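Asks: sharing a model that was predicted from the sequence below.
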2 protein chains.
Amino acid sequence: MAGQEKRPIVTVDTVLFTLRDGRLATLLQRRDKPPHAGSLALVGGYVRPEEDASTTDAAARILAQKAGLAGLFLEQLATFSGPVRDPRGWSLSVAHYALVPEAALAAAHDLDAFPVDDPPPLPFDHGAILAAALARIRNKGAWSSLPALLLPETFTLPDLKAVYEAVMDERLNDSAFRRKITELRLIEEVPDARSPATAERRRPAQLYRLARRALVAFDRVI
Amino acid sequence: MAGQEKRPIVTVDTVLFTLRDGRLATLLQRRDKPPHAGSLALVGGYVRPEEDASTTDAAARILAQKAGLAGLFLEQLATFSGPVRDPRGWSLSVAHYALVPEAALAAAHDLDAFPVDDPPPLPFDHGAILAAALARIRNKGAWSSLPALLLPETFTLPDLKAVYEAVMDERLNDSAFRRKITELRLIEEVPDARSPATAERRRPAQLYRLARRALVAFDRVI
DNA sequence: TTAATAGTGTCTATTAGACAGTATGGC
DNA sequence: GCCATACTGTCTAATAGACACTATTAA
């Protein structure tokens, strides 16, 4: 019977998305072990059959252990595999992506934010994984409440429009956006709550919250 | 150092879609080895790092070896994993789906067709994989030329409409369908070619072919 | 009062669906 | 000629985008 090398190396990697100065950003971590020690890379690690109930479970465990992140929206993206993507040998990585609202970042550690459209050079095939995750979030943004999961519990309509614009990387029509969001019953008013005015906000706005906490898919584009 | 059991078992499985009597069907194969020997199941097998360049490459190899299928549209679906899905231990299967036009079936062997919405009981988590593949093809059908890949090289507009209806499991408006298909420039006429009349076809129709052989994504729904 | 952002109303262009109606070929 | 199916034209309803307009609040 042949040894371990008959089975691929199995890892998971997660693309972390967050907002930075109103722009979509990705969070990277400096690797402390070879291969590619010292490089900025996606947060990833080995799947441990003895503790993980699934690869998504493994991704969640690794996010908690290596970056202090928990409770995120986390979803499988795709699986990347081949003989050359990792110098340790034929490897397979189940890529995931996760959305990190500001509140989750407070407890996090060892992460650096970079604009999604101008990341540093990445080791392995992490550049391709990031590109695939970006394509997924942009497409899903048009069709679901996904971008709203980057916001805090309560938010204003201008906030919500801005995060859809940041995710999808295009300008939206204001009145059409309000019309669609309200018709879809995606959000509900927080009674008697208005946002404070800030440097960018000359005038308070009505606060809303998601009508459902989970990801909701729409039957038409936002 | 621990042995092989520290790495998951890595397999691929492919959901095969085809047309049967104008309805969307899936092709299953009787397993000749344990576990679940004798059961009808998806076509699948081990990834072989020494010969496969990727998991999709492994899926193509296994389709050729076990079913005589080659040259199909074959795409990764998602990865299914966990400790209990396979009695051999913690396992991971990269699920794919493929489209089998009638011509490819001619050379195929050891496959049985079943209606997609009424398959036999399936072993492992193959039922869940089939359901996920069906959801994917239905969704993608509305947004791309994917259903056309189930047809022969040339086909009529009524044929094309029927395959979209079979894939998406809904009736389409005839004139709207023709309008969209032609505006999208998905297809081109085959000059001076008309389909023969058949039992179901009282009147010959113009033959078309795909303007591009590959999968084309549209920016709006069919 | 002013400036800037929040929010509303309405017009128009686009497009999907319904469906009537014409064309064509086998019998 | 009859009938079924292929194909076309047109009306209408739904909806997205443009954009003018009003409302509100901090300074």
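Replies: Sure thing, it's come through.

Asks: low-confidence ranges in chain A?
Replies: Segments of chain A classed as low confidence (criterion: pLDDT under 70) are A:1-5, A:197-200.

Asks: checking the residue of it found nearest DNA strand C next. Helix, strand or coil?
Replies: Ranked by C-beta to the nearest atom of the strand, the top residue of chain A for proximity to DNA strand C is residue A:175, at 2.9 Å. For every residue, glycine as well, the C-beta is placed using N, CA and C. The assignment at residue A:175 comes out as helix when based on DSSP: H, G, I helix; E, B strand; the rest coil.

Asks: can you list the domain ranges for chain A.
Replies: According to automatic domain parsing, chain A comprises the domains A:4-142, A:144-210.

Asks: which among those is found nearest to residue B:193?
Replies: The closest approach between residue B:193 and any of the domains of chain A, judged by C-beta to C-beta, belongs to domain A:4-142 at 37.2 Å.

Asks: does the closest one reach DNA strand C?
Replies: No - Domain A:4-142 stays out of contact with DNA strand C when judged by C-beta under 7 Å from any atom of the strand, the minimum separation being 12.3 Å.

Asks: please enumerate the helices of chain A.
Replies: Counting by DSSP state H, chain A has these helices, from start to end: A:55-67, A:102-106, A:126-143, A:157-168, A:174-183.

Asks: before we move on, back to that, ranking the domains of chain A by burial, who's on top?
Replies: domain A:4-142 (a mean of 19; mean count of other C-beta atoms under 10 Å in any protein chain shown).

Asks: show me the contacts for the nearest residue to residue A:92 once chain neighbours are set aside.
Replies: Distances taken as C-beta to C-beta, 6 or more residues apart in numbering or on different chains place residue A:81 nearest to residue A:92, at 4.1 Å, with adjacent residues excluded. By C-beta atoms under 8 Å, 6 or more residues apart in numbering or on different chains, residue A:81 lies in contact with A:8, A:90, A:91, A:92, A:93, B:47, B:54, B:55, B:94.

Asks: now, which of these sits nearest residue A:21?
Replies: Sorting the contacts of residue A:81 by how near they are to residue A:21, with C-beta to C-beta, puts residue A:93 at the top with 30.2 Å.

Asks: and the gap between the nearest residue to the closest one once chain neighbours are set aside and residue A:89?
Replies: Of all residues beyond its chain neighbours, the one nearest residue A:93 is residue A:11 (4.6 Å), with distances taken as C-beta to C-beta, 6+ apart. Between residue A:11 and residue A:89 the distance is 12 Å, computed by C-beta to C-beta, to the nearest Å.

Asks: picking up where we left off before, just to check, the residue nearest to residue A:93 is in contact with residue A:42?
Replies: No - assessed by C-beta atoms under 8 Å, residue A:11 is found out of contact with residue A:42, at 10.1 Å.

Asks: so the residue nearest to residue A:120 when sequence neighbours are not counted bridges to which residues?
Replies: In this structure, residue A:120 finds its nearest non-sequential neighbour in residue A:40, 5.2 Å apart by C-beta to C-beta, 6+ apart. Beta bridges link residue A:40 to residue A:30 when assigned by DSSP bridges.
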